[in-house]
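Asker: take a look and give me a structure for this.
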Amino acid sequence: MNIITIILGAFCIGYGIYTAIMRKKSPEKFGKLEAMKKKFGDKIGNTIHIIFYTFIPLLGGVAFLISGFLGINIF
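Answerer: The predicted structure is shown next:
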């Protein structure tokens with residue numbers, strides 16, 4: 001078990017959950033979300049933001065947690 005990798009995984013999952021919740025509660029706090037909506041339109045801009053700021057951190061966090069529990073060192 002690698003504790004640093006597990007902590008990194010937990011942080012990534014927490015960040016992904018935070019962005020998912022905050023996007024619904026107060027999307028105005030995300031300056032990049034508004035910029036993406038202006039550049040690509042509401043639907044595509046929101047989709048890009050969800051992928052890069054919610055799904056990728058969640059998937060990465062799960063991968064880091066699994067790696068950490070298996071004893072694989074990321075750092």
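Asker: regarding this protein, what is its longest helix?
Answerer: helix 3-25 (DSSP state H).
Asker: what about that one, distance to the chain center?
Answerer: 6 Å (C-alpha atoms, centre = their mean, to the nearest Å).
Asker: buried residues in it?
Answerer: Judged by neighbour count (16 or more other C-beta atoms under 10 Å), helix 3-25 contains these buried residues: 5, 6, 8, 9, 12, 13, 15, 16, 19, 20, 22, 23. Yep, even glycine has a C-beta here, placed from its N, CA and C like the rest.
Asker: what's around residue 28, how many residues?
Answerer: 9 (other C-beta atoms under 10 Å).
Asker: which residues touch it?
Answerer: residue 34 (C-beta atoms under 8 Å, 6 or more residues apart in numbering).
Asker: is it in a helix, a strand, or coil?
Answerer: What DSSP: H, G, I helix; E, B strand; the rest coil gives for residue 28 is helix.
Asker: measure residue 59 to residue 66 for me?
Answerer: 11 Å (C-beta to C-beta, to the nearest Å).
Asker: likewise residue 5?
Answerer: 9 Å.
Asker: ok, now residue 49?
Answerer: In this view, residue 49 and residue 66 are 26 Å apart by C-beta to C-beta.
Asker: for the two, indicate the residue with more neighbours.
Answerer: residue 49 (21 against 13).
Asker: so the closest residue to that one other than its chain neighbours versus residue 21, what's the distance?
Answerer: Leaving aside its sequence neighbours, residue 49 sits nearest to residue 33 (C-beta to C-beta, 6 or more residues apart in numbering; 4.8 Å). Here the criterion is C-beta to C-beta. By it, residue 33 lies 14 Å from residue 21.
Asker: is it true that residue 46 touches residue 38?
Answerer: No. Using C-beta atoms under 8 Å, residue 46 makes no contact with residue 38, being 11.7 Å away.
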